[in-house]
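**Student:** Below are the sequence and a predicted model for it; my questions follow.
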There are 2 protein chains.
Amino acid sequence: MSPAVHDLDDLAARARDGSPRAVAQLISLVEDGGSAGGSERARALAAALAPHVGHAVVVGLTGPPGVGKSTTTSALVGGLRADGRRVGVLAVDPSSPFTGGALLGDRVRMGEHATDPGVFIRSMATRGHLGGLTAAAPQALRVLDAAGCDVVLVETVGVGQSEVEVVALADTTVVLLAPGMGDGVQAAKAGVLEIADVFCVNKADREGADATVRELQNAMAMTRRESGPGWRAPVVRTMASRGEGIDELLAAIDAHRAWMVEHGRGDEGRRRRARAEIEAIALADLRAQLRAVSGSVALDALAGEVAGGGLDPFAAADRLREAAVDEG
Amino acid sequence: MSPAVHDLDDLAARARDGSPRAVAQLISLVEDGGSAGGSERARALAAALAPHVGHAVVVGLTGPPGVGKSTTTSALVGGLRADGRRVGVLAVDPSSPFTGGALLGDRVRMGEHATDPGVFIRSMATRGHLGGLTAAAPQALRVLDAAGCDVVLVETVGVGQSEVEVVALADTTVVLLAPGMGDGVQAAKAGVLEIADVFCVNKADREGADATVRELQNAMAMTRRESGPGWRAPVVRTMASRGEGIDELLAAIDAHRAWMVEHGRGDEGRRRRARAEIEAIALADLRAQLRAVSGSVALDALAGEVAGGGLDPFAAADRLREAAVDEG
């Protein structure tokens, strides 16, 4: 379960050969990066993988609960596989206390793709992970990339800040909505208009689908997009449970990707992921430095002074930080 | 909206006199601590408040959605007011994108207490707040404490890690459950058995209430509590919407408080809050140092190297961190 550093090259090689077991082990290792000894391994692993990454395109899927994200993700996997593409799926649940090797659950969840050697499926919990999704996911994406995935689908449950964070990770972001959830208004609130590269109105056979599509298109016409002028997010209708509209959705995703490459912006997502990852690692290291002194008598004494009203917490934090930098 | 540092003493004085407006402004100021110029103000404010804090007892309320937390909180406010105690309410929603002055919503939410000058009600969003609840709340608690609250109720929506975090803030933690939600099993999973000082089985007129109470008592008998031997969390039945059981719930909360004081552990909560606050501030400061260099050409160049596979992210993070410490 805890291979030594010298086993990592072998593990990485097997992952590149397409061993789902090796991929799962590697992701467990990077998830474990924060624990004792994990950091050394994570460093060695990143170094081992570095020469083999840079191929995968990351597609983020987000939207409110109940909109059919899992079903759509599963249908997209089918479409990509029919196309001969190797696929990774990273299902992120920020509220789940269960982490890592939920392999059985993963397989049950996407039953039809569970035995396909061209598909890697992984659940990831970000609960308790400092920096959330953007800190936890990049290294898992790196593993899936090195394992030869052409496309990695990142699916979030869309609570908390994950719908914003997924954008920091993705080359293309798909925002899913469904008719009759008051989504038009909610979408505007949550700022999803700005983050979507492609809109997917799922359950399009439901009443209100036309209104949802129209509302989105109207709202889009009034919204300035963060990614700048040029690309206008198309609205695709799907009935993912029946596989309808999935080819169109894939075409829209590919069109956005092609547009980005054509406009010299093909590596923007990769750079964004790298930025987020570097910052997250640096912050985690600083935090570790802080923790090293936090366990000390020093913090207890400082906390006692603050609790007693004799010291304000900012002055106490300054002293703690000085101690951490001295130790680091 | 942005008072100068020299206005803070005046604002703090008015808060101590019981001005809800001053309290609201002060909490807005501490929430704003991360923005430009905010940190200076937050420091000055903490210094202004420090001599006036140390009285309030913090009671955390947590539990799964739908269990009746808001109703119970509101009923507890009524009970505490009937008892002549001054009450603060901090309602924390980690998934809400709305922050701060949701005063209208707050007042609607707890309509009957909205015009009571002995009650301060505040909503707080922790979304996007690094360190979550434990980083965002202590300073707001400090304001409510300085404003003369005898008790501050901290209510969380109980998603993600908030139910654990609330414990770090509270002197007494109340875990709410309801019959027929499969809560016994869920409770064991989420580790709430270890964190509860008092259990409240709300909606106790529902079928299955007896089973839930029994399940909790059985599970408690098998669980070692983090707070050590001695105190055994009582299970109180309430029907908060009708005000039933609220006196018993308050009595259980007071009994836990009295037990802690009696056993020389009365300031544990205060010290825990101080620890969390000091660490959160120190981490935020380190992060600010990191951000100062993150906006720089340096990070862009590092991200480019990592994206290109020429550098692994850990090595890049080391370089970024060195740059931050040099600047800091």
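**Tutor:** Perfect, thanks for sending it. Here the structure is a predicted model, which means the values were calculated and not measured. Residues are numbered from 1 along each chain as shown, chains lettered A, B, ... in the order given.
**Student:** Quick check: residues of the stretch 201-328 of chain A near chain B?
**Tutor:** A:267, A:270-275, A:277-279, A:281-283, A:285-287, A:290, A:294, A:299-300, A:302-304, A:306-314, A:316-318, A:320-321, A:324-325, A:328 (Cβ under 8 Å from any Cβ of the partner chain). C-beta coordinates here come from the backbone N, C-alpha and C atoms, glycine included.
**Student:** Following element in sequence after the longest helix along chain A, please.
**Tutor:** For chain A, the helix that runs over the most residues, judged by DSSP state H, is helix A:268-294. Toward the C-terminal end, the helix or strand that comes next after helix A:268-294 (DSSP states H and E) is helix A:297-307.
**Student:** Which positions within that next one qualify as buried?
**Tutor:** Counting neighbours by 16 or more other Cβ atoms under 10 Å in any protein chain shown, one finds that the buried residues in helix A:297-307 are A:Leu299, A:Leu302, A:Ala303, A:Gly304, A:Glu305, A:Val306, A:Ala307.
**Student:** now do stretch A:210-220
**Tutor:** Applying a neighbour-count criterion of 16+ other Cβ under 10 Å, one finds A:Thr212, A:Val213, A:Glu215, A:Leu216, A:Met220 buried in stretch A:210-220.
**Student:** got a pLDDT number for the third one?
**Tutor:** Taken from the predicted model, the pLDDT recorded for A:Glu215 is 82.
**Student:** low-scoring stretches of the stretch 201-328 of chain A, by residue?
**Tutor:** A:222-229, A:293-297, A:325-328 (pLDDT under 70).
**Student:** the inter-axis angle of the longest helix of chain A versus helix B:268-294?
**Tutor:** Angle of helix A:268-294 versus helix B:268-294, following axes from the mean of the first three to the mean of the last three Cα atoms, to 10 degrees, is 140 degrees.
**Student:** list the helices and strands helix A:268-294 packs on?
**Tutor:** Applying 3 or more Cβ pairs under 8 Å, 6 or more residues apart in numbering or on different chains; DSSP states H and E, we find helix A:268-294 packed against strand A:57-62, helix A:132-146, helix A:162-169, helix A:313-327, helix B:268-294, helix B:297-307, helix B:313-327.
**Student:** which residues of the stretch 51-200 of chain A fall in strands?
**Tutor:** A:57-62, A:87-93, A:119-125, A:151-156, A:172-177, A:198-201 (DSSP state E, counting those that start in this stretch).
**Student:** in its sheet, what does the fifth one sit against?
**Tutor:** Which is strand A:172-177. When pairing is defined by DSSP bridges, strand A:172-177 lines up against strand A:57-62 (parallel), strand A:198-201 (parallel).
**Student:** ok, now the fourth one?
**Tutor:** With DSSP bridges as the test, strand A:151-156 is paired with strand A:57-62 (parallel), strand A:87-93 (parallel).
**Student:** Which secondary structure state does the residue lying farthest from the centre of chain A sit in?
**Tutor:** For chain A, the largest distance from the centre (Cα atoms, centre = their mean) belongs to A:Gly310, which lies 44.1 Å off. Following DSSP: H, G, I helix; E, B strand; the rest coil, A:Gly310 is assigned to coil.
**Student:** and stretch A:165-182, which residues are buried?
**Tutor:** A:165-179, A:181.
**Student:** circling back: would you mind giving the buried residues of helix A:297-307 as CSV with distance to B:Gly84 added?
**Tutor:** Shown next, in CSV, are those (distance: Cβ to Cβ, whole Å):
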residue, distance to B:Gly84
A:Leu299, 37
A:Leu302, 35
A:Ala303, 32
A:Gly304, 31
A:Glu305, 32
A:Val306, 29
A:Ala307, 26
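**Student:** As CSV, the strands paired with strand A:151-156 with mean pLDDT would be great.
**Tutor:** Listed next are the strands paired with strand A:151-156 as CSV, based on pLDDT from 0 to 100:
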stretch, mean pLDDT
strand A:57-62, 93
strand A:87-93, 83
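**Student:** Can you tell me which of those is most buried?
**Tutor:** Compared across these, strand A:57-62 shows the largest average neighbour count, a mean of 27 (mean count of other Cβ atoms under 10 Å in any protein chain shown).
**Student:** okay, the strands paired with strand A:172-177 in CSV with distance to A:Thr73 next?
**Tutor:** Converted to CSV, the strands paired with strand A:172-177 look like this (distance: least, Cβ to Cβ, whole Å):
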stretch, distance to A:Thr73
strand A:57-62, 6
strand A:198-201, 11
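**Student:** do you know which of these lies nearest A:Val261?
**Tutor:** strand A:57-62 (9.9 Å; Cβ to Cβ).
**Student:** So what's the gap between that closest one and the chain middle?
**Tutor:** Its chain's C-alpha centre and that of strand A:57-62 lie 8 Å apart, by Cα atoms, centre = their mean, to the nearest Å.
**Student:** Touching that strand from outside, list them.
**Tutor:** The contact list for strand A:57-62 (Cβ atoms under 8 Å, 6 or more residues apart in numbering or on different chains) reads A:69, A:72-73, A:76, A:141, A:150-156, A:158, A:162-163, A:166-167, A:169-176, A:192, A:195, A:253, A:257, A:269, A:273.
**Student:** And for A:Ala48, the neighbour number?
**Tutor:** Neighbourhood size, A:Ala48 [other Cβ atoms under 10 Å in any protein chain shown]: 20.
**Student:** Count the residues that sit near the residue nearest to it when sequence neighbours are not counted.
**Tutor:** Distances taken as Cβ to Cβ, 6 or more residues apart in numbering or on different chains put A:Ala12 closest to A:Ala48, at 4.5 Å, once the chain neighbours are dropped. Applying other Cβ under 10 Å, we find 23 residues neighbouring A:Ala12.
**Student:** A helix includes A:Ala12, no?
**Tutor:** Yes. Secondary structure assignment (three-state DSSP) places A:Ala12 inside a helix.
**Student:** Could you pull up the residues touching A:Ala255?
**Tutor:** Counting by Cβ under 8 Å, 6+ apart, A:Ala255 has contacts A:Pro234.
**Student:** Spell out which helix or strand contains it, please.
**Tutor:** Per DSSP H and E, the secondary structure element for A:Ala255 is helix A:246-262.
**Student:** Phi and psi next, for the closest residue to A:Pro117 other than its chain neighbours.
**Tutor:** Computed as Cβ to Cβ, 6+ apart, the closest residue to A:Pro117 that is not its neighbour in sequence is A:Gly18, at 6.0 Å. Backbone torsions of A:Gly18, given as degrees, to the nearest 10, read phi 100, psi 20.
**Student:** and if you look at the one 10 residues further on?
**Tutor:** Backbone torsions for A:Ser28, taken as degrees, to the nearest 10, come to phi -60, psi -40.
**Student:** Do you know the pLDDT at A:Met110?
**Tutor:** 55.
**Student:** Same check on the one 4 residues further on?
**Tutor:** On pLDDT, A:Ala114 comes in at 63.
**Student:** I'd like to know how far A:Arg287 sits from A:Ala317.
**Tutor:** For A:Arg287, the distance to A:Ala317 equals 13 Å [Cβ to Cβ, to the nearest Å].
**Student:** again with A:Val67
**Tutor:** A:Val67 is 42 Å from A:Ala317, where distance means Cβ to Cβ.
**Student:** swap in A:Pro138?
**Tutor:** Distance from A:Pro138 to A:Ala317, by Cβ to Cβ: 29 Å.
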